[in-house]
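**Q** take this sequence and fold it.
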Amino acid sequence: MIFFKVSQNINIKIADNSLVVLTKELKNSDIEEYIYVTTYDDFEGVKDIFTKVGTNYKTLIVDENKVTSKKEFPQEIGVSNKNEFLQQRQKLKQTSFLNNIQEFNTKDLFKNEDFCDTLSLIKSPKKEISIAIIGGIGRNIGEILCGLSAIRIFYKSLQNRYKDVKIDLLLESANNQYYKRDKELIEQESFINKVLPLSVSVKKLFDYDYYIDTSKIYETHFFNFLPFIDAYLYKFGIDPNLIPAEKKYNQFDFGKYTPSAELKNEIDNLKAKSKLILFHPYSPNIDRSLPKDIAVNLLKNLVILSDEIVISALKIDKFENDKFFDLSKYSKSLFDFIYIISQSDYIITVDTATYHISDIFLIPTVVIFNDEELVEKRIKYYHSIKPYIIKEKKKNLSLLKFENETLTINKYTKYQTIKLKKILKLLKD
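**A** Predicted structure coming up:
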């Protein structure tokens, strides 16, 4: 975490149109109201905003030990991030405002991997406890769903001891275009008390009994090695080996969502004619997406080989067919997308959020993976998911790279090995 003060008052408008208010310190005031805490990445966002506003807007790093040592400050639990920025603080002149934090390389950060048993550490005599998770959970929908599953297990473990357990998530908000989406998704879960934006005042943290700092969890060995849900359990201080696999499921509360009449009617009309196969060939990560020409060719063959109607929540250019229906115009929000997935009978997708959602509804799904090493990490606890792994062909021609990508030989060779009949067999066996 980063603790800091600001040189000028500023209101930062975030993605859900709310404001993060940062106020400069006033004389003879409660200093904890004017020291703010956030993650390293969120602080980078704050710094970028300040730079755009003007040279008078600066930040002053505050020594974390001077803050966390106060008796009012909540106790850290789980894998500790304490002193994560020790190397940075040693390089700073604490008496001056800092304009450029980018000079400090994040690779120099101290990454703690030591497991700490949270349940043995929490000894509050109160009947209720409150916990702040600082930094949120997950960079994308799949990771968030798995992170929420870990919080659910954590929450239920604490319920065995305390009458009331309140868990708040403090999400990065500065320059975070997905803040509104992530907040709305997380708020669906009954075991989440509140979702709040970073940065927050230190005085606000005094309201909590404990905190978990998820800053830079993505750069830890355990996060890159373990399945997502196990990595978050480990971070929270719950030994994933002691949690039965049947408890490691994703869930989603659809009670607060109502699909539009247009979307519901379209789905109902299609389902009255045939079962539906959802085809989802693209991911926000280009390395996990199918090339467009490969996606179109697969779709052409899919409408021929399958008995079902094929649907897509994505726009797939250059393809029209009586057995294919583009629902992208109805998929206006994350919840619309989840609804479309929930109404499908089968799904063929690349490695993206789709299958993390489809397993919630136990929909038979085949995931096309580019990397065999990711399979165990990503689908270990899923019951309705089957992997289809693309194998690289031996390349015996030039691998020279050209400025014009169309000249690169064998660029898409591995995608041409995809066998749709095998995918369909996996899907329906």
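**Q** shaky segments in the stretch 101-250 of the chain?
**A** The model of the stretch 101-250 of the chain has pLDDT under 70 over residues 101-112.
**Q** check which residues of stretch 324-336 are buried.
**A** Within stretch 324-336, the residues scored as buried using 16 or more other CB atoms under 10 Å are Phe324, Asp326, Leu327, Tyr330, Ser331, Leu334, Phe335, Asp336. C-betas here are computed from N, CA, C, even on glycine.
**Q** and stretch 221-228, what's buried?
**A** Those would be Phe222, Phe223, Leu226, Pro227, Phe228, for stretch 221-228 by 16+ other CB under 10 Å.
**Q** look up how far Leu60 lies from the third one.
**A** Noted for Leu226: a distance of 37 Å to Leu60, by CB to CB, to the nearest Å.
**Q** other residues contacting whichever helix in the chain runs longest?
**A** If you go by DSSP state H, the chain has its longest helix at helix 141-159. Helix 141-159 is contacted from outside by 118-119, 122, 129, 133, 137-138, 165, 167, 182, 185-186, 189, 191-192, 227-229, 232-233, 235-236, 238, 243, 247-252, 334, 352-353, 355-357, 360, 378, using CB atoms under 8 Å, 6 or more residues apart in numbering.
**Q** filter those residues down to the ones in helices?
**A** Judged by DSSP H, those include 118-119, 182, 185-186, 228-229, 232-233, 235-236, 334, 353, 355-357, 378 as members of helices.
**Q** make a ChimeraX selection of whichever of the contacts of helix 141-159 turn out to be buried.
**A** Buried residues among these (16+ other CB under 10 Å), as a ChimeraX selection:
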select :118,119,122,129,133,137,138,165,167,182,185,186,189,191,192,227,228,229,232,233,235,236,238,243,248,249,250,252,334,352,353,355,356,357,360,378
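**Q** circling back to that earlier point, can I get the buried residues of stretch 324-336 in TSV including pLDDT and secondary structure?
**A** Listed next are those as TSV, based on pLDDT from 0 to 100; DSSP: H, G, I helix; E, B strand; the rest coil:
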residue	pLDDT	secondary structure
Phe324	95	strand
Asp326	94	strand
Leu327	96	coil
Tyr330	95	coil
Ser331	94	coil
Leu334	93	helix
Phe335	94	helix
Asp336	95	helix
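**Q** let's have these in JSON lines, adding distance to Tyr36.
**A** Output for these, formatted as JSON lines (distance: CB to CB, whole Å):
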{"residue": "Phe324", "distance to Tyr36": "51"}
{"residue": "Asp326", "distance to Tyr36": "46"}
{"residue": "Leu327", "distance to Tyr36": "43"}
{"residue": "Tyr330", "distance to Tyr36": "41"}
{"residue": "Ser331", "distance to Tyr36": "37"}
{"residue": "Leu334", "distance to Tyr36": "29"}
{"residue": "Phe335", "distance to Tyr36": "32"}
{"residue": "Asp336", "distance to Tyr36": "36"}
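**Q** Ala15: which of those is nearest?
**A** Nearest to Ala15 out of the buried residues of stretch 324-336 is Leu334 (CB to CB; 13.2 Å).
**Q** what's the separation between that closest one and Tyr257?
**A** 10 Å.
**Q** go on, Ala150?
**A** Distance from Ala150 to Tyr257, by CB to CB: 23 Å.
**Q** who has more neighbours, those two?
**A** A direct count of neighbours by other CB atoms under 10 Å for Ala150 and Tyr257 places Ala150 higher, at 23 against 15.
**Q** neighbours of the closest residue to Gly135 other than its chain neighbours, how many?
**A** Leaving aside its chain neighbours, Gly135 sits nearest to Thr214 (3.8 Å; criterion: CB to CB, 6 or more residues apart in numbering). Thr214: 26 surrounding residues under other CB under 10 Å.
**Q** if I look at Glu44, how far off is Lys183?
**A** With CB to CB as the criterion, Glu44 and Lys183 are 20 Å apart.
**Q** those two - which one has more neighbours?
**A** Lys183 (22 against 18).
**Q** ok, that one to Asn370 distance?
**A** 31 Å.
**Q** before we move on, what about Lys27?
**A** Lys27 sits 59 Å away from Asn370, going by CB to CB.
**Q** and those two? which has more neighbours close in?
**A** For Lys27 versus Asn370, neighbours defined as other CB under 10 Å are more numerous around Asn370 (17 against 4).
**Q** can you check the pLDDT for that one?
**A** pLDDT for Asn370: 88.
**Q** so what's it up against?
**A** Applying CB under 8 Å, 6+ apart to Asn370 gives the contacts Asp287, Arg288, Asp351, Ile390, Lys414.
**Q** can you check Ile347 too?
**A** When contacts are counted by CB under 8 Å, 6+ apart, Ile347 touches Ile277, Leu278, His280, Ile341, Thr354, Tyr355, Ser358, Ile363, Pro364, Thr365, Val366.
**Q** got the domain boundaries for this structure?
**A** Following the assignment in automatic domain parsing, the chain carries domains at 2-247, 261-428.
**Q** distance of the residue lying closest to Asn193 once chain neighbours are set aside relative to Ala353?
**A** Excluding its sequence neighbours, the residue lying closest to Asn193 (CB to CB, 6+ apart) is Lys166, at 4.2 Å. Lys166 is 28 Å from Ala353, where distance means CB to CB.
**Q** and what of Thr118?
**A** From Thr118 to Ala353 the distance is 28 Å (CB to CB).
**Q** also Lys332?
**A** Separation of Lys332 from Ala353 (CB to CB): 16 Å.
**Q** how about the strand or helix carrying Asn65: buried residues?
**A** Using DSSP states H and E, Asn65 falls within helix 64-68. Judged by neighbour count using 16+ other CB under 10 Å, the buried positions of helix 64-68 are Glu64, Val67, Thr68.
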